[in-house]
Structure formats: C-alpha cells, structure tokens
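In: Sharing a model that was predicted from the sequence below.
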Amino acid sequence: MHIKINGHSRTHRLKSIITLSTMKKLTLTRTLATTVIWLVSQQSVQPAEPFGIQGNIGIFYDMYNYSTLGYDDFRPRFPSDLARFSAHATVTAGKHFSMPFGIDITNQSTAYHLPSLPEERLIDYVQNPRNNININPTYKWAQAYLGSQSPNFSSLTTGDIPIFGVGIELNPGKFLFSAHYGRSQLAINANPVENIVGAYEQRILASRIGFGQAGGTLFTLNMVYRNDEESSVDMPPAGLQPQQGFTLSPRLQIQISETVKLVTETAGSAFSHDLNGPAMPMESELLDQAGNLITVNGSTNTDFSNISSLEWQSSHVGLGGEVRYIGPGFEPVGYRAMERDLIDYNLKANLRLWDNRLLLNGTAGIRQNNLQNNQAESTTRIIANANLYTQITEAFNISTMYSNFGFRNNVLFDTLKVEMIQNMFSVTPGLQVTRNNINHIINATASIQLFDEFNVFTGEFISTRSTSYNASYNLVFTSIPFNIGLMGMYLQNETPAMDLDLYHIGLTARYRIMGNRLIPSVMLAHSGITREGFTTDHRWRANLRASYEVRQSMELRLGYTYSYYQYGSVRNDAATHEHRLQISLAQRF
C-alpha cells in the first residue's frame, strides 16, 4: 500500500507560480487598497463637495491540500494557495464626470504551463491575462478605456476577444465613434521538450463610426484589424503560422415603427493564414485592394457574410425571423471562432398573457452547410425549442421545456451516411405555501433526453437515453432565524457502450444570530456513481461556512470544505481526501 500526501509540501504546488517577487505583489496590493480607502474617506470628509464613490473592495485567500491512496496520478482540483484582490467602483465628480474602474489581481501565473518564467516586470504583471485592471473615465459624451476591455461592435466583426490597451468612445448627440487598440495574446516561446506549443503576440485594432441612436435607427461602419507579431518569439510556435487579417462591415438598424425593427449587416474580410506563405498564383483586383491593408499571398482568402433580421414586438406578442449566411472563406477577426460556409433560416415568437402569468417563447430553424461543395459532405440540421411558464395560482407554478435537434448528411458512401435526432423534454413544478409561521418551498424537475442515430446502410438505430429527477424541499421559519433544506437527484444514462447511474442527496441548514450579524451554515452531501460492470464510487462532502458583519457594509467570510472520494473497482478501490479553506474580507461603500 502506498499513500501519497500533499500537505504543505512545496513539491506538489502548481508549476504555474509567478516569478514576480512577493514584495512587489504586496506593495502593489497595498497601494491599490490604500488608494480605494483614501477615496472612500474623502467622500465622508467632504460631504458638501459634488464627489462620490460607490462600489466594493475585497481580499480573498484559498488554501487547498489533498492526500491519496492508490491514486498516484491524481491531479489537484485547485491551486494549493490562491490570493486575490478585487475592487470595483465608480467615482463621480460633479454632474458630468464619472470613472468606473475595476481591479482583479492574483498571485497565480498565466493560464499556459511553463517550467519556469523569466523575472516578471511590474508592467508585465499588470498586462498579464490572469489579471483584470481597467479604468474607464467618462465626461459627458466621451469615455476612455484604459487596461482590460472587450470591444463588442457587431455579430460579424468583434465581440469576444479581450485586449489590454487603450480605447475611446465619442457619442455627442447622434454621432458615434469608437477606437480600441491593444494586445490580445501574449508571446510564448515553443518548447517541444516541455510540450509547449507556443504562441505569437497578437494585437487588435478595432474602430467604428456611425450616426443614429442605439435604441432606434442607427448606421455604423465597423473595422477590425488583427496581426500576429512574428518577431515576438525566439522559437516559433509548433504547427502555427503568423496570421493577419481585417474585417469591414456596414451595419444598418432601422426602427420602422415603435414595434417593428429591421437589422442587416454585411461584412467582408481578407485574411492571410500564413504571412510567410507562397506568392499569389494569379492576379486579383480584390486581393490587390486588400494588399493595401494586409500582407497578401497564396494563403490569403477573401469572402463576405450577411445577417439580416426583422422583428415585431408588441406588449403581448412578438414575432421575428433571421437569415444568416457565413461564407466559407470569411474570417471575423474579432472573434475566436465561428462556423463558416453555412446558411441559417430562423423563426422566433413569444407570448405574454394575464399579467405575465403565462409566458411562451420558442424558436425554429434550419441550418445547411457546405454551400460551395468545398468539403466531402454536406449536412442539414433542424433546431427547434420552446419554453412555457404558467403561474397557475399564487402558490403553484409550472415550467416546461422542449428542444429538438435533427441532423442529416449527404455522404455518397452508405456506410458513412448518418441521420440522427435528439429530443429533450423537461417539466419543473414549484410550490410555495406558508403554514404555522413556516414557508414551505418545494421544487422538482423531471427531464428526459433521447438521442437516436440511424445508419441507412445497416438499417439499425443506436439509441442513447438519459433520464434525471431533481427535487428540493426548503423550510424557512419566520418566527426564528433558521432555514433548513433537503435535496436529491437521480440520473440514469443508458448508452450502447456503458450504462451509468448516479444519485445525490444533501442537507443544508443556516442560522442567524447576534442580530443577523453572524450567519453560520452547514452542508452535508453524499453521492454514488455506478458504472456498468464496476462497483459503486462513493463521495462524501461536508461544507462549513460562516459570514460575520464586522461593521456596516463590511463582511468577513470563512469556509471549509472536506471531500472524501472512495472509488470502486473502476480504480481499484483508490481514495482521495481533499481539504479547502477559504477566507475573504469585503467592504461595500
């Protein structure tokens, strides 16, 4: 028998510990905290001045260790120690000036895995993606963005890539102008020995200009440019080439009436997948124009896309339709990924009746891909879903949900031809009644998911069935400051490969003392997982928490979690013990 214990041993700490000295981190944290506290004190010292600040500030620390029995390759679920500082607030001065700012910093290293890091300068620490630091001052119709930001212009240009840099937005009257520039990806040198792929430093420039109103008729012209800095690494990333591209889109939103809105956007892109690619094999006027903005070679693609929608929404009923075409060579450089070479047709509707006691909404659509026959097969997908909520009485409500997903391809070889259908249905009733100074809150959910795959050549169906039941019962005492609740869940998953059964039961309780200033709570839970052909895994978990109001708007929280996992024959009766301690101090102002 071999027992492997982590405890406080440094050999089990994550490799991703930052190399910035502890003194620098503590100094930066103390400086930031002192600045926020000074701003708060200024509000109380000079109440007559047109100055204010609202927000929150907090310090958080998590500690984690574990021990294992017969599980030498166990991977820790959390860092061994994690310290975080967070501050989010808005400073106001006078009638027209405000300055929202956010600071989230941690002692952890970056998301990528390195055996060691060079000495990290203060500016590198601030710009690291693991941290989030932003200051966004606003004066009348002008706003600046400093630090972390995620420009979101439209569905075909930019929306989900965060950058660290600078930005500005001007919106005097109906005029609109925005510009953002910054680094969206750090440079990482490849290291085959350590299995590190590497990455080029990446920068993004995004800008738009427009005229109109966001809630009415508006026209904008959006532009996004993305570039990989080839010289940013000494060892090129394995299998990755430096890329460059831009996307340009005019977007028009027309408020036809108070209830009808039309939106259409057409975007064009030019994207070079390899800046060191071969020369162009032929002449193209379009590519010649693109050469004024990016490096054009044999790896460059140009294409366009369009999204158009028409919606009608009254106080009780709404109807809408959307057509979405994404070209096979289109690249929205402000998004990490997007499925291309497809066309979507979507319809949606909603209904609200009897003071919102009945709510119904749903969508239905068809998606076809491989429009240009650039791939070996094409697919057609049917997507539909509907949600219904009804408040039957003041105490009882019920929600139902249905979704359908159908898929069919056109492979020429029958052995590969596939048709499949996925259906999911769930019903969730809820009941809340008060008897003898006790609020009884009961909720339950039953759901079933069916997945059928049909092989046209063999004529056989391969079916997967998943059924789950959830229920909770909570008692809220109005005469004493005490809550208690029970929960349970059962899941059965039937597949051709293996059947899986899972159950979970839990108990929660909370009590408020010292005039609601101290609130201790406890959670006890047990789970069992049975895989076909193996004995059952068992997991026990205990969670103890307490929150204490140190003073008005200041709260101290403590939490301890113990988890014991006893594996069945799937892992030769291995076991793990995990301990996690969480401490936080937060101030609202």
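Out: Received it, and whenever you're ready, just let me know what you need. Numbers count the residues shown, from 1 in each chain.
In: ok, the nearest residue to residue 102 once chain neighbours are set aside - how many residues close by?
Out: Leaving aside its sequence neighbours, residue 102 sits nearest to residue 88 (C-beta to C-beta, 6 or more residues apart in numbering; 4.7 Å). Heads up, the C-betas are built off the backbone N, CA and C, glycines and all. Taking other C-beta atoms under 10 Å as the neighbour definition, residue 88 ends up with a count of 17.
In: Spit out the contact partners of residue 88.
Out: Residues in contact with residue 88 (C-beta atoms under 8 Å, 6 or more residues apart in numbering) are 55-57, 100-103.
In: Please tell me how far it sits from residue 55.
Out: Between residue 88 and residue 55 the computed distance is 5 Å (C-beta to C-beta, to the nearest Å).
In: ok, now residue 522?
Out: For residue 522, the distance to residue 55 equals 32 Å [C-beta to C-beta].
In: ok, these two, which is more surrounded?
Out: Looking at residue 522 and residue 55 with other C-beta under 10 Å, you find the greater number of neighbours at residue 55, namely 18 against 15.
In: Show the pLDDT at the residue lying closest to residue 278 once chain neighbours are set aside.
Out: By the measure of C-beta to C-beta, 6+ apart, the closest residue to residue 278 outside its immediate chain neighbours is residue 298, 4.0 Å from it. We note a pLDDT of 85 for residue 298 in this prediction.
In: ok so, going back, just the buried subset of the contacts of residue 88, written out for PyMOL, thanks.
Out: Paste this into PyMOL to select the buried members of those, with burial taken from 16 or more other C-beta atoms under 10 Å:
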select buried, resi 55+57+100+101+102+103
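In: The contacts of residue 88 in strands, which ones?
Out: Of the positions in the contacts of residue 88, 55-57, 100-103 sit in strands, assigned by DSSP state E.
In: Determine which two of those are furthest apart.
Out: Comparing all pairs in the ones in strands among the contacts of residue 88 by C-beta to C-beta, the longest separation belongs to 57 and 100, at 14.0 Å.
In: now the helices: where do they sit in the stretch 1-150 of the chain?
Out: If DSSP state H, counting those that start in this stretch is used as the criterion, the helices of the stretch 1-150 of the chain fall at 22-45, 122-127.
In: same thing with the stretch 351-500 of the chain?
Out: Using DSSP H, counting those that start in this stretch, no helices are assigned anywhere in the stretch 351-500 of the chain.
In: Next: the stretch 151-300 of the chain.
Out: Ranges of helices within the stretch 151-300 of the chain are 285-290, based on DSSP H, counting those that start in this stretch.
In: which regions of it sit below the pLDDT cut-off?
Out: Low-confidence segments of the stretch 151-300 of the chain, defined by pLDDT under 70, span residues 283-284, 286-288, 290.
In: okay, which residue is most central for this structure?
Out: residue 160 (9.7 Å; C-alpha atoms, centre = their mean).
In: Quick check: closest non-adjacent residue to that residue.
Out: The nearest residue in space to residue 160 (C-beta to C-beta, 6+ apart) is residue 335, at 5.6 Å.
In: how many other residues sit next to residue 353?
Out: The local packing count at residue 353 equals 12, with neighbours defined by other C-beta under 10 Å.
In: and the closest residue to residue 348 other than its chain neighbours, what does it touch?
Out: Taking C-beta to C-beta, 6+ apart, and ignoring the residues beside it in sequence, residue 348 has residue 363 as its nearest neighbour in space, at 4.3 Å. Applying C-beta under 8 Å, 6+ apart to residue 363 gives the contacts 346-349, 383-385.
In: Let's see that with 7 Å instead.
Out: Contact analysis of residue 363 by C-beta atoms under 7 Å, 6 or more residues apart in numbering lists 346-348, 384-385.
In: Can I have the buried ones of those residues as a PyMOL selection?
Out: With 16+ other C-beta under 10 Å as the criterion, this PyMOL line picks the buried residues out of those:
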select buried, resi 346+348+384+385
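In: Nearest to residue 442 among the contacts of residue 363?
Out: Minimum distance to residue 442 across those is 26.5 Å, recorded for residue 385 (C-beta to C-beta).
In: what's the spacing between that closest one and residue 346?
Out: The span separating residue 385 from residue 346 equals 11 Å under the rule C-beta to C-beta.
In: try residue 472
Out: Distance, residue 472 to residue 346, by C-beta to C-beta: 35 Å.
In: Same check on residue 261?
Out: In this view, residue 261 and residue 346 are 16 Å apart by C-beta to C-beta.
In: again with residue 355
Out: If you go by C-beta to C-beta, the gap between residue 355 and residue 346 works out to 29 Å.
In: where does the stretch 401-550 of the chain dip in pLDDT?
Out: 406-421, 453-461.
In: what about 90?
Out: Counting by pLDDT under 90, the low-confidence segments of the stretch 401-550 of the chain come to 404-423, 434-437, 449-465, 478-479, 494-499, 515-516, 532-533.
In: Okay, strands next: where are they in the stretch 251-400 of the chain?
Out: Across the stretch 251-400 of the chain, reading from the start of the chain, the strands by DSSP state E, counting those that start in this stretch fall at 260-272, 300-313, 317-326, 342-353, 358-369, 379-391, 396-409.
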